[in-house]
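Student: Turn this into a structure:
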Amino acid sequence: MTSVALPGESPLVEHGRGSRFVEFLLVGGATLFLFPLAWLAVRTLGLDTAELAVGFTAFHAAHLVNDPHFSVTYLLFYRDAKARAFGKAFAPAQRARYVAAGLVAPLLLLAWSALAITNGSARGLGWLVELMFFLVGWHYVKQGFGVLMVLSSRHGARYAPTERRVLLAHAFAGWAFAWASPAVPATEVEEKGVVYTALAHPVGLERFTGVLLALSVLALVAMLARKIQRERRLPPLGPLVGFLVSVWLWSIFSSVDPLMLYVVPALHSLQYLYFVGLLERNRARAAEGAPHFGRPVRDHLLALAAAAVVLGVVQFHLVPELLDLGRFLVPHRAPATLADLGSTPWFAALFAVVNIHHYAMDAVIWRRENPETRFLYSPSTPG
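Tutor: Alright, predicted model coming up:
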């Protein structure tokens, strides 16, 4: 999810305490409990044993959490693709975004990958990986902002345009500082078997983004204080925690704990899948009755979940493994000249491509201009 804008009117959805707590955990609150548990695991089991257990669990859990969070985006995005790209389903501006994200972006990314692998260029493939790392923080904080906007609205609270700008400024400042820190020179790194020289992060950039972050914190605190004083109540804490966790614990301090490095992507994925569930559940409810008489909600959600798991296996395992096994487009040169590509260049390339394309599709799916985002707010909207 990226940054859903608020609709003009949206009915309040009531939640019991249990539902609110589950929502709190899924949108980021679980992180607050997992950090002390990770610390306790290291102190009790030792770093090596704890890291082995958490890494093993996270690796296999990715098949059911991380990978489907990418693949379900494709299922949502390319549904009714003809009507969205060439018909009347979207307004012209949204249609242009859809074509750019759905057609132009994947073609460019795949061409970039193919050219890099054909030429045996670890540097070219490394730049693709660098782009992924640069954008992932933007994706995390924008999703956190979307969580705050949507759930606050569902709980009957609103943020004024000026307040939203303060929140976005803080999100972007957090992203910038997280990317710029720590300051390091250009160094040789390895990612998914590809060895390349990563970009330098100068000390000046780290300090500049740090100042921006500090200023954004002051603006955020002042804005929230004024809002609480004016409205005489606290904003919904679950959405606010989801936002702050996305910025601070999943972006700025994501590497502060060695065990949490394995867990943060899964927590981000759960946050995303929670909103996919909201969207699709309400969409299925709207289509369940007359005049559509669609499939029961449970059947729709189970089918979507199964399709996402299968597509995730195809995207992250079957296709890259087949391409790497056949050495597809990999030049037949002396092995020494290709050592920097590693043995799985297509896995590295497609991993980066799917990530970056996911960010682009999200920026289209979760916009107000997409008519289906109304299902985030109403449990049953007429079809």
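
Student: Which element, helix or strand, includes Phe21?
Tutor: According to DSSP states H and E, Phe21 maps onto helix 17-24.

Student: That helix - contacts with which helices or strands?
Tutor: Contact here means 3 or more Cβ pairs under 8 Å, 6 or more residues apart in numbering; DSSP states H and E; on that basis helix 17-24 packs against helix 237-244. C-beta here means a position set from N, CA and C on the backbone, and glycine is covered the same way.

Student: contacting residues around the helix it packs on?
Tutor: Helix 237-244 has contacts (Cβ atoms under 8 Å, 6 or more residues apart in numbering) with 20, 23-24, 27-29, 32, 144-145, 147-152, 155, 167, 171, 271.

Student: Which members of the residues you listed are classed as buried?
Tutor: 20, 23-24, 27-29, 144-145, 147-152, 155, 167, 171, 271 (16 or more other Cβ atoms under 10 Å).

Student: Whichever strand or helix holds Glu321 - what's its average pLDDT?
Tutor: Using DSSP H and E, Glu321 maps to helix 319-325. For helix 319-325, mean pLDDT is 95.

Student: Pull the number of nearby residues for Gly124.
Tutor: Here the count is done by other Cβ atoms under 10 Å, and Gly124 has 18 residues near it.

Student: Would you mind measuring from it to Ala303?
Tutor: As defined by Cβ to Cβ, to the nearest Å, Gly124 lies at a distance of 39 Å from Ala303.

Student: same question, Thr187
Tutor: 46 Å.

Student: Between those two, tell me which one has more neighbours.
Tutor: With neighbours defined as other Cβ under 10 Å, Thr187 and Ala303 compare such that Ala303 has more, 13 against 10.

Student: which is the next helix or strand following the longest helix anywhere in the chain?
Tutor: As assigned by DSSP state H, the longest helix anywhere in the chain is helix 122-154. Moving toward the C-terminus from helix 122-154, the next helix or strand (DSSP H and E) is helix 161-180.

Student: then that next one to PDB, C-alphas only?
Tutor: Output of helix 161-180 as PDB, limited to C-alpha atoms (Å, rounded to 0.1, in the frame of the first residue of the first chain):
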ATOM      1  CA  PRO A 161      -4.300  18.900   4.500                       C
ATOM      2  CA  THR A 162      -1.600  20.800   6.400                       C
ATOM      3  CA  GLU A 163      -1.300  18.000   8.900                       C
ATOM      4  CA  ARG A 164      -1.000  15.400   6.100                       C
ATOM      5  CA  ARG A 165       1.900  17.500   4.600                       C
ATOM      6  CA  VAL A 166       3.700  17.400   8.000                       C
ATOM      7  CA  LEU A 167       3.300  13.700   8.200                       C
ATOM      8  CA  LEU A 168       4.500  13.200   4.700                       C
ATOM      9  CA  ALA A 169       7.500  15.500   5.300                       C
ATOM     10  CA  HIS A 170       8.400  13.400   8.300                       C
ATOM     11  CA  ALA A 171       8.000  10.200   6.300                       C
ATOM     12  CA  PHE A 172      10.200  11.400   3.500                       C
ATOM     13  CA  ALA A 173      12.800  12.800   5.900                       C
ATOM     14  CA  GLY A 174      12.900   9.400   7.600                       C
ATOM     15  CA  TRP A 175      13.400   7.600   4.300                       C
ATOM     16  CA  ALA A 176      16.200  10.000   3.300                       C
ATOM     17  CA  PHE A 177      18.100   9.600   6.500                       C
ATOM     18  CA  ALA A 178      17.700   5.900   6.600                       C
ATOM     19  CA  TRP A 179      19.200   5.700   3.100                       C
ATOM     20  CA  ALA A 180      22.000   8.100   3.700                       C
END
